[in-house]
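*Asks:* task: produce atomic coordinates for the following.
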Amino acid sequence: MKISKNWKNFASLFIIFGPVQYVIFTAVAMIYYAGGTIVNPLSLGYNFWGNFFSDLGRVTALSGASNVISFTIFTITALILSFSFIPFAFALPTFFKNDKNQYLIARIGSLTCLISIFFLITTILTPWDIFSTTHLMFANLFNITGAIGVIFFAVAVLYNKNYPNIYAFTYGVLLIIAIVYTVVLVFLPKSITPEGLIIQASMQKISQYSFLFCFLIQGYGAWKLQKS
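*Replies:* Sure thing, here's the model as predicted:
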């Protein structure tokens with residue numbers, strides 16, 4: 001029993017650590033980014049509203065300069081983030097064992113989440129300046145499977161009397177932001193203008209930071225439930 005509790009505590013704390021270290025070290029990677037945006041290869045450094053997170057993971061920056069330092073920092077921190085979701089995906093369904101239907105829903109969410117993590121890892125390991133088509137394909141698959149997993153988790157939490165509904169609502173807010181981001185991408189012109197780039201890059205930042213904040217909250221919630 002103690003081993004099980006310690007393992008669940010680790011899963012809850014790891015999912016808090018993953019997003020926190022990612023925010024810190026992507027900020028460091030931004031400092032070392034070798035410059036350039038899609039619309040302006042001559043721009044200096046990392047433009048927070050004009051560059052994507054994937055730009056940090058490029059081996060060669062959009063300026064044409066070597067981006068090895070930023071690439072290395074980003075790849076390591078993004079992989080740590082990815083692996084921080086794995087224990088949590090296994091631990092979360094154990095909170096719903098008292099109800100067969102909720103447990104099944106949470107297990108489906110967990111499986112979908114694990115598939116999503118696989119796509120996230122493959123997205124990270126296929127820098128878009130080298131594997132552009134593959135990178136985008138895995139990124140889209142990550143977004144789709146991740147959204148499906150979040151829906152199952154939200155339903156399981158919402159119908160569990162012992163799990164505060166605030167955590168289900170947090171999943172819901174994340175889904176709304178993800179849907180808005182997807183709609184923006186679909187309806188923007190195919191050719192990227194400076195204005196369109198700002199919209200896309202800004203929406204990606206909002207979407208990704210919301211994703212990180214959501215799971216940081218989920219980790220705290222799971223940890224708090226174990227304490228109670």
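
*Asks:* spell out the residue ranges of the strands in this structure.
*Replies:* For the chain, applying DSSP state E gives no strands.

*Asks:* got the contact list for the lowest-mean-pLDDT helix or strand in it?
*Replies:* Least confident helix or strand, the chain: helix 166-187 with a mean of 85, by mean pLDDT, DSSP states H and E. Residues outside helix 166-187 that contact it (C-beta atoms under 8 Å, 6 or more residues apart in numbering) are 143, 147, 150-151, 153-155, 157-158, 199-200, 203-204, 206-207, 210-211, 214, 217-218, 221. The C-beta positions use only the backbone N, C-alpha and C, and glycine is treated the same way.

*Asks:* again, but for stretch 16-23
*Replies:* With contacts defined as C-beta under 8 Å, 6+ apart, stretch 16-23 is touched by 77-78, 80-85, 209, 212-213, 215-216, 219-220, 223.

*Asks:* so among the residues you listed, which ones count as buried?
*Replies:* 77-78, 81-82, 84-85, 212, 215-216, 219, 223 (16 or more other C-beta atoms under 10 Å).

*Asks:* rebuild the residues you listed as CSV, extending it with pLDDT.
*Replies:* Shown next, in CSV, are the buried ones among the contacts of stretch 16-23 (pLDDT from 0 to 100):
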residue, pLDDT
77, 98
78, 97
81, 97
82, 97
84, 97
85, 96
212, 94
215, 94
216, 93
219, 93
223, 90
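
*Asks:* for these, which two are the farthest from each other?
*Replies:* Farthest-apart pair in the buried ones among the contacts of stretch 16-23 is 78 and 223; separation 23.4 Å (C-beta to C-beta).

*Asks:* of the contacts of helix 166-187, select the buried ones using a PyMOL command.
*Replies:* Applied in PyMOL, the following selects the buried portion of these according to 16+ other C-beta under 10 Å:
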select buried, resi 143+147+150+151+153+154+155+157+158+200+203+204+207+210+211+214+217+218+221
